[in-house]
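# sequence below, structure please.
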Amino acid sequence: MRTSLRKMGNSTGMIVPRSILGAIGVTTGAAMDLRVEDGKLIATPAERVPRGGWAEAAAGLAMTGEEQEWLGAGVADDATLTW
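Reported below is the predicted structural model:
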């Protein structure tokens, strides 16, 4: 199957037929990973890992000492908050 590249704002897009999207198990709006191999554009569905990278990000915050900024924060007003 052949398609063409189209200008979309300041970017370029490619129309992918629904039958091809269905064959790889994605729908419009899905995140895709792109890479180039041997002069070919390879598009694969992005892996969905719930909370992926959160542990590393939290560890990075701890190493910067940023969590220390919150130690003196009061919680006295918490009882008046409505959730």
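
# with adjacent residues omitted, what lies nearest to the spatially most central residue of the chain?
Nearest residue to the geometric centre of the chain (CA atoms, centre = their mean): Ala31, 6.9 Å. Spatial nearest neighbour of Ala31, excluding adjacent residues (CB to CB, 6 or more residues apart in numbering): Ala46 at 3.8 Å. (C-beta placed from N, C-alpha, C; glycine too.)

# these two touch, right, the one you found and Asp33?
Yes. Using CB atoms under 8 Å, Ala46 and Asp33 qualify as a contacting pair, with a distance of 5.0 Å.

# where do the strands sit along this protein?
Under the criterion DSSP state E, the chain carries strands at the ranges 5-8, 11-14, 32-37, 40-45.

# what's the most buried one of those?
For these, the stretch with the most neighbours on average is strand 40-45, a mean of 11; neighbours defined as mean count of other CB atoms under 10 Å.

# what angle separates that one from strand 32-37?
Relative orientation of strand 40-45 versus strand 32-37 (axes from the mean of the first three to the mean of the last three CA atoms, to 10 degrees): 160 degrees.

# give me the residues contacting strand 40-45.
For strand 40-45, contacts defined as CB atoms under 8 Å, 6 or more residues apart in numbering pick out 24-26, 30-36.

# and that strand, which strands flank it?
strand 32-37 (antiparallel) (DSSP bridges).

# need the contact partners of the partner strand.
26, 41-47.

# and the furthest pair within these?
Largest separation among the contacts of strand 32-37 by CB to CB: Leu41 and Glu47, giving 18.7 Å.

# mind saving the C-alpha coords of stretch 62-74 as PDB?
As requested, the backbone C-alpha atoms of stretch 62-74 are provided in PDB (Å, rounded to 0.1, in the frame of the first residue of the first chain):
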ATOM      1  CA  ALA A  62      15.300  12.400  46.600                       C
ATOM      2  CA  MET A  63      18.900  12.800  45.300                       C
ATOM      3  CA  THR A  64      18.400  16.500  44.700                       C
ATOM      4  CA  GLY A  65      17.100  17.100  48.200                       C
ATOM      5  CA  GLU A  66      14.000  18.800  46.800                       C
ATOM      6  CA  GLU A  67      11.700  16.900  49.200                       C
ATOM      7  CA  GLN A  68      13.300  18.800  52.100                       C
ATOM      8  CA  GLU A  69      11.400  21.900  51.000                       C
ATOM      9  CA  TRP A  70       8.100  20.300  52.200                       C
ATOM     10  CA  LEU A  71       9.200  19.200  55.600                       C
ATOM     11  CA  GLY A  72       8.200  22.400  57.300                       C
ATOM     12  CA  ALA A  73       4.800  22.700  55.500                       C
ATOM     13  CA  GLY A  74       2.000  22.800  57.900                       C
END
